[in-house]
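[1] Predicted coordinates and the sequence they were generated for:
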Amino acid sequence: MTKPCKAFFLFAALIFSQHNLSAQEKDSTAVKSDTVKAKKEDKKKSLIKPFKDVITAKAVSDQGVFTVHKVEEKYYFEIPDSMLKKEFLLVTRLTKAAAGMRSGTSGYAGDQIGQEVIAFEKGPNDKILLRSISHVDYAKDSTSEMYNSVTRNNVQAIIKSFDIKAFGVNKNSSVIEVTDILNSDNELTSFSVRSKEGYRVGAFQKDMSFINFVKSFPTNVEINTTKTFARTLGRLTPEMTKLAPKVSGNYTVEINSSFVLLPENKMQSRYFDPRVGYFTVGYTDFDLDPQGVKKISLVKRWRLEPKPQDVEKYNRGELVEPAKPIVFYIDPATPKKWVPYLIQGVNDWQKAFEKAGFKNAILAKVPDPKIDTEWSLEDARFSAIVYKPSDVPNASGPSIADPRTGEILESHINWYHNVMMLLRNWYFVQASPNDPRARKIEFEDKLMGELIRFVSSHEVGHTLGLRHNYGSSSTVPVEKLRDKKWLEINGHTPSIMDYARFNYVAQPEDNIGDAGIFPRIGDYDNWAIEWGYKRFNQFKTPDAEKEYLNKWVIKNLKNERLWFGNESNPLDPRSQSEQVGDNAMIASTYGLKNLQRIIDNLEKWTATPNEDYANLDMMYDQVTTQFRRYLGHVSKYIGGQMETPKTAEQSGSVYEVVAKKDQKEAMRFLDENIFTTPQWLIKKDIFEKTGKTPVKTIEELQNSVLGRILSPMVLQNMYQMESVEPNTYSVIELLSDLNTSILKKENADIYRRNLQRNYIDSLIKLVDNRSDKSDISALVRGNLNTIKKELAAKSTSDLVNKYHYEDLVFRIEKALDPK
């Protein structure tokens, strides 16, 4: 037997030794790994401390939807597990605005500067995540494949991550520190990007910013901070953001951010109906149409519900009080003498809500510190009319709504101090011939108070969800606007949401009083509130009530006074701002008679002892502005198209061309009242005292009409309508009538020469319109050729007119043949 090789034993020993060494190394590595893990676990545990170590005995705590803890200079939210994944509406407003920030209607205390839906949730690694929630796309069936697809393609953005500092005493809440996010520049507690650009807000100055307070309430958290920003010299364009923007000093503002818990018990929505004017929220629904998607619009309205014990009474048709009425508080900064009128403007809506089955549904009150102990102008639970020391002559009624349902949660009506000047000017130029109280610059408090009351009602209407109804006044026959008895019963427009202001048709001999001049809540308003707020408890979903509501609308709209005219329709002459009556030509003729009465007395009615003629200057402008409105009302008939929304169950057309006779009547009015120089406006005494130039005044009015009736939009609509309505007013007829009215009258004075020149220039612009793909350019070009021949053949001994006609021919030739 051969003996083993010595080298073999050495090799085997080496292998055995290496094997043992490798096993030892593995054991050592495993021990090290376990040690590292243990250290990580210990470190992780050390990040989450016992509650008492974080929220110490020094803490000042405020319990509410979250418990807010302040420990020395640090702020903590203790978020209950029950509030995780709940949606909050975040609304951010200016509490105090910076000096120099105001511009137009923005930059005032109370202005909203941000809005977003957010939710807190637990994330990995002991984090609390804050997500921004979008409701743009929607699929409600959580068991469907579509729901899963929509969810996968709409991951809600994480906008902030917080370390959990401690768990609550009962281990059912998480404590996070929020100091840094509250005292920093972000869209949660500061300006949104759009607001920041609009206000020219630059870099955040942290060393000059601080937290004032954080308060927690049952359904909301209120955060109040003072923040300082560099003030940029101009709007932050993309180019400027790449460079260091130029700055000019600082803005210091006080900001209030409200985290408002959205209702878990969602209000039942109501689908938007274009036949009743409501503001909306909306989303894209992927469930309703199996072969596509559908854009859903839900009306904005307050949640008015009977008290549980009154539901049966309500269902029987008895009036009941709502479980939670709509309450508007009056800003304590409001001058005391106007407060009763603002309150009455709110309370005037109570009768309208009775149509919907609710009594005492809305009211206004002045906050009483003894009773309304938690009231604050910034607290998102409270709605208010906010008085702003502004020279802007305006007021507005925005509202904040739940984007999921349309439920209005709160509103801050903006009441700008100088709205009183606007009211004075309107009433002066529309009512002074009928109301001697308006024949002066400074109105008595009682008259001004009544004007404030009507505007208050109008703005409150917006906060109830109602849009402008520009068409309401067009349902009233013009001659009824001079009928004293009829007006006292019905008012001059069926809707206070109309921009019908005052009855300018009434003549002094009609002896019309306030009831026939002032706007008031009318038939349409009562109907709109009934449609939006009446509850049909037999229907449990918006889809279930849809058929019933449609039949109800069709039935009620047999009353023409309930018609809604869209404020954004550019072609419907029934839907116009500042118009009254069903025929603008007749109504404007009456209106012009009243304007002429005002002009004849303007110097006397505007005279103010020891002052110059600034009031005369201003009110002359108001008269010309009112005249411009009448011209605009009439001009809209030309090339007009009426729109009456209908469902498939209704007969008749949705779109109708304005009758040819009405368009021709409009042209006659324009010929007689503006293309023929309005001599009544040319008052030498006024021009001598104000320095105004009559030529410019008349020219601007004429150009406003030419700009409307010769706009590409109007001409294109006329041209398109010729294909469906052979007997309509055609583009050729319009041009022919304009030629006759403007060019074919002899002995042109300075006013007519300006008109003729501007008419030719308007036509030339249409020829140069390269985007026109229709016959419009050809028709206008042909008309210019005809005009050129007629002008060239004109013979006159007046040298000014001779040169004028030669100039017109030159302009036309240059336009038709630029070479």
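    Arrived safely. As the structure is a prediction and not an experimental result, all values here were calculated from the model.

[2] can we go C-alpha only for contacts and neighbour counts from here?
    OK.

[3] what ranges do the helices span in the stretch 151-300 of the chain?
    179-182, 193-199, 238-242 (DSSP state H, counting those that start in this stretch).

[4] Show me where the stretch 251-400 of the chain dips below the pLDDT cut-off.
    In the predicted model of the stretch 251-400 of the chain, residues 286-292 satisfy pLDDT under 70.

[5] at 90 instead, please
    Applying pLDDT under 90 to the stretch 251-400 of the chain flags residues 251, 282-296, 369-382, 388-400.

[6] What ranges does it have for its strands?
    280-285, 294-299, 326-330, 362-365, 383-388, 395-396, 400-401 (DSSP state E, counting those that start in this stretch).

[7] residues in contact with the fifth one?
    Where contact means Cα atoms under 8 Å, 6 or more residues apart in numbering, the residues beyond strand 383-388 that reach it are 108-110, 327-331, 333-334, 377, 410-417.

[8] follow-up on the earlier one: so which of the strands of the stretch 251-400 of the chain is nearest Ser269?
    The closest of those to Ser269 is strand 294-299. By Cα to Cα, the value is 6.4 Å.

[9] Just the CA trace of the closest one, in PDB.
    Taking Å, rounded to 0.1, in the frame of the first residue of the first chain, the C-alpha atoms of strand 294-299 are listed here in PDB:
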ATOM      1  CA  LYS A 294     -68.700  62.800 -18.600                       C
ATOM      2  CA  LYS A 295     -67.900  66.200 -17.300                       C
ATOM      3  CA  ILE A 296     -70.000  66.600 -14.100                       C
ATOM      4  CA  SER A 297     -71.000  70.000 -12.700                       C
ATOM      5  CA  LEU A 298     -72.500  70.300  -9.200                       C
ATOM      6  CA  VAL A 299     -74.200  73.400  -8.000                       C
END
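
[10] got the angle between that strand and strand 280-285?
    160 degrees (axes from the mean of the first three to the mean of the last three Cα atoms, to 10 degrees).

[11] Pull out the buried positions in strand 294-299.
    Ile296, Ser297, Leu298, Val299 (16 or more other Cα atoms under 10 Å).

[12] State the distance from the residue nearest to the last one when sequence neighbours are not counted to Ala544.
    Of all residues not flanking Val299 in the chain, Thr280 sits nearest, at 4.4 Å (Cα to Cα, 6 or more residues apart in numbering). Relative to Ala544, Thr280 is positioned 20 Å away (criterion: Cα to Cα, to the nearest Å).

[13] Look at those two and report which has more neighbours.
    Thr280 (22 against 11; other Cα atoms under 10 Å).

[14] Would you mind measuring from that one to Thr405?
    Thr280 is 10 Å from Thr405, by Cα to Cα.

[15] shared neighbours, these two?
    Common neighbours of Thr280 and Thr405 (Cα under 8 Å, 6+ apart) are Leu298, Lys300.

[16] Reduced to three states, what does the residue nearest to Gly123 when sequence neighbours are not counted come out as?
    Nearest non-adjacent residue to Gly123, counting by Cα to Cα, 6+ apart: Leu129, 5.9 Å away. Three-state assignment for Leu129 (DSSP: H, G, I helix; E, B strand; the rest coil): strand.

[17] Show me the beta-bridge partners of Ile362.
    Taking DSSP bridges as the rule, Ile362 bridges to Ile326.

[18] Just the buried positions in stretch 183-200, please.
    183-185, 187-192, 195-200.
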